[in-house]
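# below are the sequence and a predicted model for it; my questions follow.
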Amino acid sequence: MLIPGFGTPDLVATGPGMLALAIAGGHALMLIWVSRQDYFFGREHFQLCAAAMIGWLLGAAAEQTCGTLPCVVGAASVTWLAIVIAPTSWFFFLWRYCLVYRPGKLKHDRAVMAVVGGIAAAVVASNPWHGAFYGPETRQVMADRRLITDFDHGPLFFALAAVLYVFLIAALVVAAIAAFRARGAMRSHFLFLTLATAAPAAANISYVAFDARFLGFDPTPYAFSVTLLVFVWSVYTSRMFDINMIARDIVFFKEPDPVVVLDTAGRVSALNPAGRRLLPDIHVGTLLPKAHPLAFLLHPLQDDSHSPEEPVIDIAGRVLRVRVLPIRQPLRKNGGAVLGVVGRLNDITELRAQERQLCEALALTQKQVTEITALQAETERLALTDTLTGLKNLRALEASFMQLQTTAPQLVLALLDLDNFKQINDLRGHAAGDRALMHFSAVVMEVLPPQALAFRVSGDEFVLLFPGFTLEKAAHAVDALRARIDNRPAIFDGVRLDVQFSVGLAEYGIDGKDLDVLRGVADRRLYAAKRTGRNRNVLDDVEARRSIR
């Protein structure tokens, strides 16, 4: 049967040829599907291998539809470039995919494939001159009612095949190492790759050594097709039926916080829906701009020792805390090179607003507490202070005395009473009396030693405490106060107010240890001072008894 459109009896439609074309079409669809999936390490080499397999299968289809020997040999010769690229690119794919080396630039890989492919092309193209690749015994024969080509393989054929076996064996070793290192579900995945890599090698050995054929043709391309399909199927089933993968996908796509994934080159590998909404300026498959607010995600890619931080940034009016998670080689026991990075953007805008409100509330509360404390202190001060004179009152006297009992080695109490104060009130009025009291209190605060304390305990009665004083020293201090009062009289409405006072003194420990007892002793001596002429001091009971006589 002639193939429509070729117009030559050299090409005859056959079942095996149609099968090879169908498989090539399937590989083309697979190549399109792979190009639309998320990036995986070595994807460029896998795509190149798939493209080479399409060329190899097209060549196989051409060989099986050729009706003449020259057509078959020509098709086989042209196909050899794809035959060389398929196993070499497969090795480099497994090298990247299994051992997870940093991709970097592919110039070295491509250079190796270019050299091997160039040598193969030169050897095959020059076969008509040397005949050392396909020998003169190459012929077409009938086998199982099918016309097949029996190639006379020369030494250059076996030399080139040996080179390709090196790549296939190396690929097998790489896959086996990955299966040995892997754990859990990953181990079965790499075991599949190991078996799939062994399939084309076994098929080719059986063809070359034992002339084993598939539909009358070299089974190697079909075995290699199965290898590629096994990998794609493994990836597909891992994503579709692995509950852990499904859970990760759900978390990734349902995560309310934006998630950005960068590959080794700093290219945006993935963005979840929240990330796409927040970051409309970056797209999957493009390099993250170095001027972008998220450019710090590139740091772990450039420096493996870079310590991940959680910086806080502002994007589109949102405050985001970014958690940086480097992706390291999964088959390294102690962690290998950084292969990518995940940035999880936790939106803390509302949290920051709440923190500000809380800080403001705390500041307000602190201010109120300070004001309340000040008011409380003022209230306590007023509760212990005589409002007219500013001196401490009787309540403060009791508190101070209790404290001084334990801290002062000596203590003298002096009870003062203004002489003839009632006459000032009666003759000049209560305003004049208040003026006399305020003037007396002011002079007391000026003259008393710093450690002495003054209290107003009733209308014109005052108590002075002298911690660390003897009776004589306290009496001298009282005399100094009397001298100052004499020299600085109070003036009310231009009239001099003569303020004099009598004093009774008592010493703590000798005259008593209780405040009321000491005040009683001092009061007795005070009245002795008044009976003996006023404006004087009485220090002991001897003098007080004299005043009675």
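In hand now; what should we look at?
# okay, domains of the chain per the record?
Here the domain parsing of the chain from automatic domain parsing is 15-181, 256-347, 351-383, 394-548.
# can you redo those domains as TSV with mean pLDDT?
Converted to TSV, those look like this (pLDDT from 0 to 100):
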stretch	mean pLDDT
domain 15-181	81
domain 256-347	82
domain 351-383	87
domain 394-548	90
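# residue 481: what secondary structure?
Secondary structure for residue 481, judged by DSSP: H, G, I helix; E, B strand; the rest coil, is helix.
# and what of residue 92?
Assignment for residue 92 (three-state DSSP): helix.
# okay, helices next: where are they in the stretch 1-150 of the chain?
Assigned by DSSP state H, counting those that start in this stretch, the stretch 1-150 of the chain shows helices spanning 15-35, 43-65, 69-99, 107-125, 127-130.
# equivalent analysis for the stretch 151-300 of the chain, please.
Using DSSP H, counting those that start in this stretch, helices in the stretch 151-300 of the chain cover 155-181, 185-210, 220-241, 243-254, 273-278, 299-302.
# mind putting those helices into JSON lines with mean neighbour count and distance to residue 286?
Quick note: C-beta positions are derived from backbone N, CA and C, even for glycine. What follows is the helices of the stretch 151-300 of the chain, written out as JSON lines (neighbours: other CB atoms under 10 Å; distance: least, CB to CB, whole Å):
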{"stretch": "helix 155-181", "mean neighbour count": "18", "distance to residue 286": "30"}
{"stretch": "helix 185-210", "mean neighbour count": "18", "distance to residue 286": "30"}
{"stretch": "helix 220-241", "mean neighbour count": "19", "distance to residue 286": "24"}
{"stretch": "helix 243-254", "mean neighbour count": "11", "distance to residue 286": "19"}
{"stretch": "helix 273-278", "mean neighbour count": "16", "distance to residue 286": "13"}
{"stretch": "helix 299-302", "mean neighbour count": "17", "distance to residue 286": "15"}
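# may I ask which helix or strand encompasses the residue nearest the centre of the chain?
The chain has residue 310 as the residue nearest its centroid, 2.9 Å off, counting by CA atoms, centre = their mean. Using DSSP states H and E, residue 310 is not contained in any helix or strand.
# just the one 3 residues further on next, same as before
Counting by DSSP H and E, the element that carries residue 313 is strand 312-315.
# what residues does that strand touch?
The contact list for strand 312-315 (CB atoms under 8 Å, 6 or more residues apart in numbering) reads 278, 279, 293, 294, 319, 320, 321, 322, 345, 348.
# please redo it, this time with the cut-off set to 10 Å
If you take CB atoms under 10 Å, 6 or more residues apart in numbering as the criterion, strand 312-315 is touched by 258, 278-279, 281, 292-294, 296, 319-322, 345-349, 352.
# quick check: neighbours of it in the sheet, parallel or antiparallel?
Strand pairing for strand 312-315, determined by DSSP bridges: strand 318-328 (antiparallel).
# and the partner strand, C-alpha only, in CSV?
C-alpha atoms of strand 318-328 as CSV (Å, rounded to 0.1, in the frame of the first residue of the first chain):
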residue,chain,number,x,y,z
ARG,A,318,-0.2,45.4,54.1
VAL,A,319,2.4,44.7,56.9
LEU,A,320,3.9,41.2,56.3
ARG,A,321,6.2,39.1,58.4
VAL,A,322,8.1,36.8,56.0
ARG,A,323,9.3,33.4,57.0
VAL,A,324,12.2,32.2,54.9
LEU,A,325,12.5,28.5,54.4
PRO,A,326,15.5,27.3,52.3
ILE,A,327,14.9,24.1,50.3
ARG,A,328,18.0,21.8,50.5
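# for it, which positions count as buried?
Residues of strand 318-328 classed as buried: 319, 320, 321, 322, 324, 326, 327, 328 (neighbour count, 16 or more other CB atoms under 10 Å).
# in TSV: the residues you listed, plus distance to residue 37.
Converted to TSV, the buried residues of strand 318-328 look like this (distance: CB to CB, whole Å):
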residue	distance to residue 37
319	35
320	29
321	31
322	27
324	25
326	23
327	17
328	22
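# quick one: which of these is nearest to residue 262?
residue 327 (8.9 Å; CB to CB).
# quickly list what that closest one is bridged to.
Bridge pairing for residue 327 - DSSP bridges - gives residue 340.
# hang on, isn't it packed against residue 264?
Yes: contact criterion CB atoms under 10 Å: residue 327 and residue 264 qualify, at 8.9 Å.
# are there residues contacting both of the two? Which ones?
The contact sets of residue 327 and residue 264 overlap at 100, 301, 337, 338, 339, 340, 341 (CB under 10 Å, 6+ apart).
# buried among these? Make that a PyMOL selection.
Here is the PyMOL command that selects the buried residues among these (16+ other CB under 10 Å):
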select buried, resi 100+301+338+339+340+341
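# any chance of the shared contacts of residue 327 and residue 264 in CSV, with distance to residue 371 too?
Formatted as CSV, these follow (distance: CB to CB, whole Å):
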residue, distance to residue 371
100, 65
301, 55
337, 61
338, 56
339, 60
340, 57
341, 52
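# look up how far residue 372 lies from residue 379.
Applying CB to CB, to the nearest Å, the value for residue 379 to residue 372 is 10 Å.
# one more: residue 472?
47 Å.
# burial check on residue 370, number of neighbours?
10 (other CB atoms under 10 Å).
# state the helix or strand in which it lies.
helix 349-383.
# next, the angle strand 318-328 makes with that helix.
120 degrees (axes from the mean of the first three to the mean of the last three CA atoms, to 10 degrees).
# start the count at 26 instead of 1 going forward.
Understood, numbering begins at 26; the last thing we discussed is helix 374-408.
# for helix 374-408, name the packing helices and strands.
strand 343-353, helix 419-432 (3 or more CB pairs under 10 Å, 6 or more residues apart in numbering; DSSP states H and E).
# residue 455 is nearest to which of those?
Here helix 419-432 is closest among these (CB to CB), at 21.0 Å.
# and the closest one, C-alpha only, in PDB?
Extracted C-alpha coordinates of helix 419-432, given in PDB (Å, rounded to 0.1, in the frame of the first residue of the first chain):
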ATOM      1  CA  LEU A 419      -1.000  64.400 115.000                       C
ATOM      2  CA  ARG A 420      -1.500  61.300 112.700                       C
ATOM      3  CA  ALA A 421       1.900  61.900 111.100                       C
ATOM      4  CA  LEU A 422       3.400  62.300 114.600                       C
ATOM      5  CA  GLU A 423       2.300  58.900 115.600                       C
ATOM      6  CA  ALA A 424       3.700  57.300 112.400                       C
ATOM      7  CA  SER A 425       7.000  59.200 112.700                       C
ATOM      8  CA  PHE A 426       7.400  58.300 116.400                       C
ATOM      9  CA  MET A 427       6.900  54.500 115.600                       C
ATOM     10  CA  GLN A 428       9.600  54.700 113.000                       C
ATOM     11  CA  LEU A 429      12.100  56.600 115.100                       C
ATOM     12  CA  GLN A 430      11.700  54.200 117.900                       C
ATOM     13  CA  THR A 431      13.700  51.600 115.900                       C
ATOM     14  CA  THR A 432      16.000  53.900 114.000                       C
END
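# what sits against residue 293?
Contacts of residue 293 by CB under 10 Å, 6+ apart are 285-287, 300, 304, 307-313, 319, 322.
# swap the cut-off to 7 Å and go again
Neighbour list for residue 293: 285, 287, 307, 308, 309, 310, 311, 313 [criterion: CB atoms under 7 Å, 6 or more residues apart in numbering].
# which among these gets closest to residue 60?
Closest to residue 60, out of all of the contacts of residue 293 and judged by CB to CB, is residue 310, at 10.8 Å.
# got phi/psi on the closest residue in space to residue 503 that isn't next to it in sequence?
Leaving aside its chain neighbours, residue 503 sits nearest to residue 528 (5.2 Å; criterion: CB to CB, 6 or more residues apart in numbering). Here is the backbone geometry of residue 528 (degrees, to the nearest 10): phi -140, psi 140.
# now do residue 464 against residue 413, distance only.
From residue 464 to residue 413 the distance is 11 Å (CB to CB).
# next: residue 227.
Going from residue 227 to residue 413 by CB to CB gives 116 Å.
# cool, residue 233 as well?
Going from residue 233 to residue 413 by CB to CB gives 124 Å.
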